[in-house]
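**Student:** need a structure here:
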Amino acid sequence: MTPRIFSPLVLLLVVAFLIGPFFIIVAASLSGGETLAFPPQGFSLKWVVKVFTVESFRESFAVSMFLAIGGTAMALVLGIPASYALSRYKLPFGETIRTIVSLPIIVPGIIVGLALLRYIVVPFGFNITLALFLAHTALVLPYAVRVVSASLNNLRSDIEEAAVLLGSSRAGAFFRVVMPNIRSGILAAFILGFVTSFNQVPVSLFLSGPGVRTLPIDMLSYMEITYDPSVAALSALLAFMSIGIVFLAERFLGFSRYV
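**Tutor:** Next up is the predicted model:
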């Protein structure tokens, strides 16, 4: 086999390996059978319709949306000033601070979830919703800091200095000059954080409790007692939602420039 033929073949195999499971889930979600199976048994949209009728799915979806939007917003409130300080000033132990902020990405999610449960949630008696909110904020914070820092590094600092020399205060220059110029980076960080938080499993698995569960955890619990294709249908819908969000980010924001 010549290299010219071999290279496209390898590329095709890699693409099939990456997106093959997604097509299997979509096909299984359109099955007309009563159990999750592949190849699908006929064709039907009844399981897609059923997803919207399961009350636990609706409730856990609302919880996941609250955590994804609220946690990401809080991470940006904390991450934007931190990114500005790390990018504009030579802080003592700056690299150490960056490493500490990045720990939720580096450390496996199971360890993060267990540590939060054992050393923060239980000792301080946090309720489930607050514990999940704090955990998702901590998980998204590294993405906010990294993406916003990239935007700040691409923004020349002398533009801000010019605003100060022209009479603006430091705070005024930040909100009137810096923030508008890194707006795309902030939006990209929000989208990345939203997708990460919404699809989070290991940490949410440790911190979820009676009456308060995220959608991925509720799907796991649902599969313990029911093995119909509705879980595949919901998985396909969530995958399409994530793909749509990332596609829009790339189309309108140039998402790849910030990650």
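**Student:** just to be sure, Tyr227 is in a helix?
**Tutor:** No: note on Tyr227: no helix contains this position according to DSSP: H, G, I helix; E, B strand; the rest coil, which reports coil.
**Student:** my read: it touches Thr35, true?
**Tutor:** Yes: assessed by CB atoms under 8 Å, Tyr227 is found in contact with Thr35 at 5.5 Å. C-beta: built from backbone N, CA, C; applies to glycine.
**Student:** so those two - more neighbours on which side?
**Tutor:** Set Tyr227 next to Thr35 and count neighbours by other CB atoms under 10 Å: Tyr227 wins out with 13 against 10.
**Student:** distance of the more buried one from Pro21?
**Tutor:** The gap separating Tyr227 from Pro21 is 18 Å, by CB to CB, to the nearest Å.
**Student:** swap in Asn127?
**Tutor:** Counting by CB to CB, the gap between Asn127 and Pro21 amounts to 36 Å.
**Student:** next one: Ala150
**Tutor:** The span separating Ala150 from Pro21 equals 31 Å under the rule CB to CB.
**Student:** which one's more surrounded, these two?
**Tutor:** Set side by side, Ala150 and Pro21 show unequal neighbour counts under other CB under 10 Å, the larger going to Ala150 at 18 against 12.
**Student:** tell me the secondary structure at that one.
**Tutor:** When the structure is split into helix, strand and coil by three-state DSSP, Ala150 lands in helix.
**Student:** verify the contact between it and Ser184 for me.
**Tutor:** No: with contact taken as CB under 8 Å, Ala150 and Ser184 are classed as non-touching, separated by 10.9 Å.
**Student:** what's the separation between Pro142 and Pro104?
**Tutor:** 6 Å.
**Student:** tell me which element the most centrally placed residue in the chain falls in.
**Tutor:** In the chain, the residue lying closest to the centroid (CA atoms, centre = their mean) is Thr196, at 1.3 Å. Mapping Thr196 onto the secondary structure by DSSP states H and E places it in helix 183-198.
**Student:** starting at the chain centroid, how far to that helix?
**Tutor:** Using CA atoms, centre = their mean, to the nearest Å, the mean C-alpha position of helix 183-198 is found 7 Å from that of the whole chain.
**Student:** immediately after it, which helix or strand?
**Tutor:** helix 202-207.
**Student:** what comes into contact with that next one?
**Tutor:** In this structure, residues lying in contact with helix 202-207 by CB atoms under 8 Å, 6 or more residues apart in numbering are 108-110, 112-114, 116-117, 121, 128, 131-132, 135-136, 139, 213-214, 216-217, 220.
**Student:** now the closest residue to Ser197 other than its chain neighbours: how far from Gly193?
**Tutor:** Nearest residue to Ser197 in three dimensions, chain neighbours excluded: Ala68, at 4.1 Å (CB to CB, 6 or more residues apart in numbering). Spatial separation of Ala68 from Gly193 under the definition CB to CB is 8 Å.
**Student:** so these two - more neighbours on which side?
**Tutor:** A count of neighbours by other CB under 10 Å puts Gly193 above the other of Ala68 and Gly193, at 28 against 23.
**Student:** the more buried one reaches Val140, doesn't it?
**Tutor:** Yes: distance between Gly193 and Val140: 3.8 Å, which falls inside the contact criterion (CB under 8 Å).
**Student:** residues contacting Leu155?
**Tutor:** Val178, Asn181, Ile182.
**Student:** now rank those by neighbours and give me the top one.
**Tutor:** Neighbour counts for the contacts of Leu155 peak at Ile182, which has 24 neighbours (criterion: other CB under 10 Å).
**Student:** wait, a helix at Ser31?
**Tutor:** No: applying three-state DSSP, one finds Ser31 to be coil, outside a helix.
**Student:** returning to what we had before: hmm, the residue nearest to Ser197 is touching Leu192, no?
**Tutor:** No: taking contacts as CB under 8 Å, Ala68 lies outside contact range of Leu192: 11.2 Å.
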